[in-house]
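Asks: This is a predicted model, with the sequence first.
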Amino acid sequence: MTVFTFAPKLLIMKIKQNNMTRLILLATLVSCSLNAGQIHKWVDEDGNVHYGDAPPNTVTTEPVRVIGAPSDPGKPLPRLSTGNSPTETSSNDSSGQEVPADQAKRACDQAKGDLDIIKNSARIRLKSADGTTRFMTTEEIEARRENAEKDVARFCN
């Protein structure tokens, strides 16, 4: 009769491996749930709206449900704002006046940047002067795309 002395050691090693796998899985799940924070919205004394995960203790907040991250949260969209900036109204300027070369280059670069943003973003968020934000509708995006294409044709020779 042959006695396998390594069998109990092998069984203990297998149990330890299973326990280690479970421990790693549990640690991963706990760390993922700790990373998911709550976003709050609050208004300061001056009436400015703020969003963040660590609001001041002195204000009342309301939780914000975040559907998904913006396509590029750090990139400003100056021409896609709701204000009337000089570059935004350039595509609406129907007069045949000649534009200086430096302004034409800036307008060309801006229009190309806008087209790039429009083509690469599923949703575009606008921020108004009072601090509120909203997403552009598909009709607004299409109108902005047409204006940007006209600006490229006009300023990018």
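Replies: Happy to help now that I have it.
Asks: what helix or strand does Val152 sit in?
Replies: Assigned by DSSP states H and E, Val152 belongs to helix 138-155.
Asks: Could you name the helices and strands sitting against that helix?
Replies: Contact here means 3 or more C-beta pairs under 8 Å, 6 or more residues apart in numbering; DSSP states H and E; on that basis helix 138-155 packs against helix 101-120. For glycine as for every other residue, the C-beta is placed from the backbone atoms N, C-alpha and C.
Asks: helices or strands next to the helix it packs on in the packing?
Replies: helix 138-155.
Asks: Next, the buried residues of the helix it packs on.
Replies: 141, 144, 147-148, 151-152, 154-155 (16 or more other C-beta atoms under 10 Å).
Asks: what does stretch 42-57 give?
Replies: Buried, per 16+ other C-beta under 10 Å, within stretch 42-57: 42, 55.
Asks: Mean confidence (pLDDT) on it, please.
Replies: For stretch 42-57, mean pLDDT is 84.
Asks: Which residue, other than its chain neighbours, is closest to Ala104?
Replies: Nearest residue to Ala104 in three dimensions, chain neighbours excluded: Phe155, at 4.6 Å (C-beta to C-beta, 6 or more residues apart in numbering).
Asks: can you give me how far the helix or strand containing Leu10 is from the chain middle?
Replies: Per DSSP H and E, Leu10 falls inside helix 6-35. Distance of helix 6-35 from the chain centroid (C-alpha atoms, centre = their mean, to the nearest Å) equals 37 Å.
Asks: going on from it, what's the next piece of helix or strand?
Replies: Downstream of helix 6-35, the next assigned helix or strand under DSSP H and E is strand 39-43.
Asks: Point out the other elements, helices or strands, that that following strand touches.
Replies: strand 49-52, strand 62-64.
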